[in-house]
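In: Have a look; sequence and predicted model below, questions after that.
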Amino acid sequence: MLTRRQALALETAPNSEFQTLSARAAQLRDRQWGKTLTYSRKVFVPLTNMCRDDCGYCTFVQKPGSEAARVMRPEEVMAVVREGERLGCKEVLFSLGEKPELRYPEAREALAALGHNSMIDYLAEMCARVLDESSLLPHVNAGTLSDADVARLKPVSVSMGMMLENVSRRLLQRGEAHFACPDKVPVQRLRTLERAGRQGVPFTTGILIGIGETWAERVDSLQAINDLHRRYGHIQEVIVQNFRAKPGTAMAGSPEPSLDDMVRTLVLARLLLDPSISLQAPPNLAERFAAYIDAGINDWGGISPVTIDHINPERAWPQIASLRQATARCGFGLEERLAVYPRYLRQAPEQFFTPSIASRLSGIARADGLALQQCL
Ligand SMILES: O=c1nc2n(C[C@H](O)[C@H](O)[C@H](O)CO)c3cc(O)ccc3cc-2c(=O)[nH]1
Ligand SMILES: C[C@H]1O[C@@H](n2cnc3c(N)ncnc32)[C@H](O)[C@@H]1O
Ligand code: SF4
C-alpha cells in the first residue's frame with residue numbers, strides 16, 4: 001500500500017524508481033489473482049441514449065429532436081439478448097442515459113407508451129425479462145441511483161456499476177467536462193456508491209482519466225473508492241478508462257492521455273486499492289496490451305461478439321483469440337468470468353444476493369463445468 005505522499009510522487013517519479021513501483025504492482029496482482037487475466041463475454045444494451053446530462057466527452061448521448069435519440073423497445077432488447085445467448089455470452093450490460101424523463105417530454109412520452117413513468121422502472125422490467133427468458137445475467141450501469149432505485153434493481157440483477165469518473169468539483173465549472181451535469185456532481189456519485197454498499201450490491205466503478213483532472217484528484221478519487229470498499233466490501237472492480245476525444249463533442253480538441261500516463265495511473269490504482277479489488281482496463285481503448293499487464297491489471301472487462309462498444313463505437317473489440325495470444329505472450333492465461341465476481345457468492349451470498357439470484361448463480365456454476373465451478 002502507498003502513503004498519500006508516495007502516491008502523489010508517482011506522477012513524476014524518475015524511470016528507475018517507477019520501474020520498481022511497477023514491478024511491485026505486478027507482483028501484488030500475481031499474488032492475489034495469479035497468472036490468469038479474465039474477461040466477461042457480454043452484450044451491450046443501450047436502453048436509451050437520451051440523458052439529462054451533457055458530459056463534454058460523450059458521443060453516446062442524443063438530444064430529442066435528433067433522429068438518433070431513442071428508447072429501445074422490449075423486442076429489440078430481447079433480440080440482442082437472444083443473439084448473445086446463441087453466441088455464448090453470459091452478461092447483459094445495460095448502459096444508458098440518466099433520468100432523461102426529468103428533462104425531456106419526449107422521453108416521458110416514449111416511456112408512457114411502454115407503460116412506465118421512469119427509465120429505472122422500465123430498466124427493472126427488462127432486467128426481469130432477461131432473467132426469465134434467457135440464461136444471461138443483467139449488470140446495470142445506469143448512473144446515479146437513489147436508495148429506492150438500488151432496492152428496485154437488486155432483485156433483478158447480479159451486480160451494478162457506475163464510474164465515479166473523478167471527485168473533482170472543478171470539473172463542474174463552465175468550460176469543464178462536467179458542466180451542467182447534475183449526475184456528475186461528485187457527492188451524488190459517492191452517495192450512489194455508498195447506497196450500493198449499504199444495500200449489499202457487488203459494484204463496479206472507476207475513474208475516467210484525461211478529462212481535465214489533476215494527478216492529485218486521481219489519487220483522491222481512488223482513495224475515496226477504497227475507503228468505501230473498506231466500509232462495505234462491495235467494490236468488485238475498478239476500471240481505469242482513458243478519455244478518447246470524439247469529433248462533435250465539447251472536448252473534441254482536448255488531448256488524450258498518453259500511454260505513459262495510463263500506465264502510471266494503473267500502477268497507482270493497483271498500489272492504492274485493496275488487492276482484492278479487480279483492476280480492469282478496456283482492451284479496445286488500449287494501445288499496448290503488454291504495457292497494461294505489466295502495470296498490474298488482472299481483467300479486460302466486457303468483450304462482445306455481438307454488439308459494438310456504444311460508448312466508444314469507433315473502437316472495435318479485439319478478437320478474443322488475439323487477446324488470448326497477446327495475453328499469453330506476457331505469460332498469462334485468459335479465462336472467462338461472470339459479470340459478478342465469485343467471492344461474493346463464496347463469502348457472503350445472503351448479504352449480496354436475493355435468494356433467487358444466489359440460486360441462479362450457483363446453477364450456472366454447476367452447469368458450466370469445472371472452470372466456473374472452481375471459480376465459484
Ligand atoms: O463495453 C463497455 N463496458 C463497460 N462496462 C462493463 C465492463 O466492461 C464489464 O463488462 C462489467 O463491469 C462486468 O464486470 C462498464 C461497467 C460499469 O459498471 C461501469 C462502466 C462501464 C463502462 C463500460 C464501457 O465503457 N464499455
Ligand atoms: C460508461 C462510461 O464511459 C465513459 N466514457 C464516456 N465517454 C467517453 C469517452 N469519450 N472516452 C472514454 N470513456 C468515455 C464514462 O466514464 C462513462 O461513465
Ligand atoms: S456519459 Fe453518461 S451521463 Fe454523461 S452524457 Fe453520456 S450518457 Fe449522459
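Out: Done, it's in. Residues are numbered from 1 along each chain as shown. Ligands and ions are numbered 1, 2, ... in the order given.

In: Other residues contacting the helix or strand where residue 208 lies?
Out: Residue 208 belongs to strand 203-209 when assigned by DSSP states H and E. Taking contacts as Cβ atoms under 8 Å, 6 or more residues apart in numbering, the residues outside strand 203-209 that touch it are 57, 139, 141, 159-166, 193, 196-197, 218, 221-222, 225, 234-243, 257, 261-262, 265, 269, 280. (C-beta placed from N, C-alpha, C; glycine too.)

In: now the helices for the stretch 101-250 of the chain?
Out: 105-113, 119-133, 147-153, 186-198, 215-232 (DSSP state H, counting those that start in this stretch).

In: Buried residues, the third one. List them.
Out: By neighbour count with 16 or more other Cβ atoms under 10 Å, helix 147-153 contains the buried residues 149-150, 152-153.

In: so what does that helix touch, helix or strand wise?
Out: helix 119-133, helix 186-198 (3 or more Cβ pairs under 8 Å, 6 or more residues apart in numbering; DSSP states H and E).

In: Can you add mean pLDDT and mean neighbour count and give those helices back as a markdown table?
Out: Conversion of the helices and strands packed on helix 147-153 to a markdown table gives the following (pLDDT from 0 to 100; neighbours: other Cβ atoms under 10 Å):
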| stretch | mean pLDDT | mean neighbour count |
| --- | --- | --- |
| helix 119-133 | 98 | 19 |
| helix 186-198 | 98 | 18 |
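
In: what's next to the helix or strand residue 301 falls within, contact-wise?
Out: Per DSSP H and E, residue 301 falls inside strand 299-303. Identification of contacts with strand 299-303 by Cβ under 8 Å, 6+ apart yields 37-42, 44, 91, 93, 237, 239, 278-283, 317-318, 320, 323, 334, 337.

In: follow-up on the earlier one: and of the helices and strands packed on helix 147-153, who's closest to ligand 1?
Out: helix 186-198 (10.6 Å; Cβ to the nearest ligand atom).

In: what angle separates the closest one from strand 203-209?
Out: Going by axes from the mean of the first three to the mean of the last three Cα atoms, to 10 degrees, helix 186-198 is angled at 150 degrees with respect to strand 203-209.

In: where does the chain dip in pLDDT?
Out: Within the chain, the stretches with pLDDT under 70 are 368-376.

In: Would you point out which residue of it is nearest ligand 1?
Out: Ligand 1 sits closest to residue 161 of the chain, with a gap of 1.6 Å, by Cβ to the nearest ligand atom.

In: Now do the residue nearest to that residue when sequence neighbours are not counted against ligand 3, distance only.
Out: Take residue 161 and drop its neighbours on the chain: the residue closest to it by Cβ to Cβ, 6 or more residues apart in numbering is residue 204, 3.2 Å away. Residue 204 is 15 Å from ligand 3, where distance means Cβ to the nearest ligand atom, to the nearest Å.

In: The contacts of strand 203-209 also near ligand 2: which ones?
Out: With Cβ under 6 Å from any ligand atom as the criterion, the contacts of strand 203-209 include 57, 163, 165, 241, 243 near ligand 2.

In: Could you pull up the residues touching residue 347?
Out: Applying Cβ under 8 Å, 6+ apart, no residues contact residue 347.

In: wait, residue 280 sits on residue 238?
Out: Yes. If you go by Cβ atoms under 8 Å, residue 280 and residue 238 touch, sitting 6.9 Å apart.

In: Quick one: name the residues of the chain near ligand 1.
Out: Proximity of the chain to ligand 1, by Cβ under 6 Å from any ligand atom, involves residues 40, 42, 44, 91, 93, 139, 141, 161-163, 204, 237, 239, 282, 301-302, 309, 311, 339.

In: Could you rerun that using 5 Å?
Out: Residues of the chain lying near ligand 1 by Cβ under 5 Å from any ligand atom: 40, 93, 141, 161, 163, 204, 301-302, 309, 311, 339.

In: Make a markdown table out of the residues you listed and add neighbour count.
Out: As requested, the residues of the chain next to ligand 1 are exported to a markdown table (neighbours: other Cβ atoms under 10 Å):
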| residue | neighbour count |
| --- | --- |
| 40 | 22 |
| 93 | 25 |
| 141 | 18 |
| 161 | 23 |
| 163 | 17 |
| 204 | 27 |
| 301 | 23 |
| 302 | 26 |
| 309 | 21 |
| 311 | 19 |
| 339 | 26 |
